[in-house]
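Asks: everything below, folded, please.
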Amino acid sequence: MSGDCEFRFSTLSERTLHRAVKDYLEPNRQYQEVPVAGFVADIFRDGQLLEVQTGSVTPLVKKLLRLPKEYPVTIVLPIVREKTLVILSEEGELLSRRRSPKKGGWWEAYYQLPRLLPLAERPGVRLRLILVDADEYRTETPSKRVGRSLCRRLDRVPTAFGEELDLAFPTELGALLPPGLPDPFTREELRKLTRLSVRGMSGGLSALMKLGAVRPAGKDGRRTLYERVNPQGVKQP
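Replies: Okay, here's the model as predicted:
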């Protein structure tokens, strides 16, 4: 297989990953898939809802906007830190297995921040990021051209759970600015430290401004400067 298949965070929706994270967070399944106010929660215990989202949060946000505000909600975003690519033939035969050189970090959440904007005024919302190592199963069966390769992702199976980052939304989102970022900083400096695509970084930065974590801070020549509203930082995994 030549090249590599690129998938954006917003396309992920594998059942195995979702189920594994739910079991990791709440091993007692009597607290999983619980009906609450016309809403089926992934986890509901002691008055707290946890919603695991492995794909776009847009459908979840629409549901949460209809949920009574007296229910606190934690949105759980698993982020693949290290992955092993397992390539299968159309018949299911193992063709290759190799470690991907790419590593994910907290900053992958930038792709989701613009979609979370409608929840800014809802009380009791938290964002919980969990780093996960996983085997990613792919097939060479041509189904969709992505970049230079024809491939399809079948599933992701977690092999280890790592660090977690729990943030009040949106008041603690300043923690999603990477350590080592100057203050003030430029878009180029933010992208260099997060290693995100231009689109992902730009969308995340725009959302951080709208959510009050970042604000414009003048110009450096033709470059716009930005500064933290509440300086915070987290250790990059």
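
Asks: C-alpha from now on. contacts and neighbour counts both.
Replies: Noted.

Asks: contacts for stretch 114-130?
Replies: For stretch 114-130, contacts defined as C-alpha atoms under 8 Å, 6 or more residues apart in numbering pick out 56-58, 61, 65, 69-79, 106, 109, 161-170, 203-204, 206-207, 210-211.

Asks: can you select the buried ones among the residues you listed for me in ChimeraX?
Replies: Here is the ChimeraX selection string for the buried members of these, based on 16 or more other C-alpha atoms under 10 Å:
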select :56,57,58,61,71,72,73,74,75,76,77,78,79,106,109,161,164,166,167,169,170,203,204,207,211
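
Asks: just the contacts of stretch 114-130: which are in strands?
Replies: 73-79, 161-168 (DSSP state E).

Asks: tell me which stretches of the protein form strands.
Replies: 32-36, 39-45, 48-52, 73-88, 94-99, 125-139, 145-146, 149-150, 152-168, 214-220, 223-228.

Asks: which parts of this protein belong to which domain?
Replies: 9-169, 177-237 (automatic domain parsing).

Asks: in a markdown table, list the strands of the chain along with mean pLDDT.
Replies: As requested, the strands of the chain are arranged in a markdown table below (pLDDT from 0 to 100):
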| stretch | mean pLDDT |
| --- | --- |
| strand 32-36 | 94 |
| strand 39-45 | 93 |
| strand 48-52 | 96 |
| strand 73-88 | 93 |
| strand 94-99 | 88 |
| strand 125-139 | 93 |
| strand 145-146 | 51 |
| strand 149-150 | 56 |
| strand 152-168 | 91 |
| strand 214-220 | 93 |
| strand 223-228 | 94 |
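
Asks: want to throw these into CSV with distance to Thr16?
Replies: Shown next, in CSV, are the strands of the chain (distance: least, C-alpha to C-alpha, whole Å):
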stretch, distance to Thr16
strand 32-36, 15
strand 39-45, 14
strand 48-52, 12
strand 73-88, 12
strand 94-99, 19
strand 125-139, 11
strand 145-146, 23
strand 149-150, 23
strand 152-168, 6
strand 214-220, 36
strand 223-228, 37
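
Asks: which one of the ones in strands among the contacts of stretch 114-130 is nearest Leu193?
Replies: The nearest member of these to Leu193, counting by C-alpha to C-alpha, is Ile79 at 17.1 Å.

Asks: my read: that closest one touches Tyr111, true?
Replies: No. When contacts are counted by C-alpha atoms under 8 Å, Ile79 is not listed as touching Tyr111 (11.4 Å).

Asks: how about Tyr137: what's its closest non-neighbour residue?
Replies: Val86 (4.7 Å; C-alpha to C-alpha, 6 or more residues apart in numbering).

Asks: can you pull up the bridge partners for that neighbour?
Replies: Arg97, Tyr137 (DSSP bridges).

Asks: contacts for the lengthiest helix in the chain next, please.
Replies: Among the segments of the chain that qualify as a helix by DSSP state H, the longest is helix 198-210. Helix 198-210 is contacted from outside by 109-114, 117, 173-174, 187, 190-191, 194, 214-215, using C-alpha under 8 Å, 6+ apart.

Asks: just give me how far that helix sits from the chain centre.
Replies: Offset of helix 198-210 from its chain centre (C-alpha atoms, centre = their mean, to the nearest Å): 14 Å.
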